[in-house]
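Undergrad: pasting a predicted model and its sequence here:
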Amino acid sequence: MTHAHPTPPRDILEVTKWTYESLLSTMPITVLHQAEDGDNRSGDRFSLVRHHDGRFGLLIFGWASCSRCDALQACKTPADFAELHEQVFSGIHWEATAADLLAYLDHKDIRLDWWGHQPLGPRFRAEAAAYLTRLIVETP
């Protein structure tokens, strides 16, 4: 099933100072669990999300503005922000259900991804799995 990419609301495109929070707030998702490692210059963000259509997803991204390579800080126009919005949203790994995302996490070798080597990576994986397990158990 192909899902259309949402476009950011017009009012957010007129904002001149964007944050990662405003970026996520423009997406049709609810953040269920989140962990961050770093500060405003560099770091990693790990998010367990639920799309408004019911799918569950894993959104992981890092930034490093100390070397002027931070994608969000590089946004100078609303078109730049919209492009980053699309890239971040497209980077979410989606599964149809919480059980499917839990199975994905259980079988994924995170050592093969950059985030699996980050200090917070393995801990976030365990936290996300525990959150999904509780959700599955609590859902009739």
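TA: That came through fine. All figures in this text were calculated on a predicted structure; none of them were measured in a lab.

Undergrad: contacts, neighbours, all on C-alpha from now
TA: Noted.

Undergrad: for this protein, what spans make up the strands?
TA: Under the criterion DSSP state E, the chain carries strands at the ranges 29-38, 42-51, 56-64, 93-95.

Undergrad: can you list contacts of the last one?
TA: The reference is to strand 93-95. In this structure, residues lying in contact with strand 93-95 by C-alpha atoms under 8 Å, 6 or more residues apart in numbering are 55, 56, 57, 58, 59, 101.

Undergrad: for the chain, which helix is longest?
TA: Taking DSSP state H as the assignment, the helix of the chain that covers the most residues is helix 121-138.

Undergrad: partner residues bridging the spatially closest residue to residue 33 that is not a sequence neighbour?
TA: Closest residue to residue 33 apart from its sequence neighbours, by C-alpha to C-alpha, 6 or more residues apart in numbering: residue 48 at 5.1 Å. As for beta bridges, residue 48 partners with residue 33, residue 58 under DSSP bridges.

Undergrad: could you list every residue that touches residue 48?
TA: Contact analysis of residue 48 by C-alpha under 8 Å, 6+ apart lists 31, 32, 33, 34, 56, 57, 58, 59, 128.
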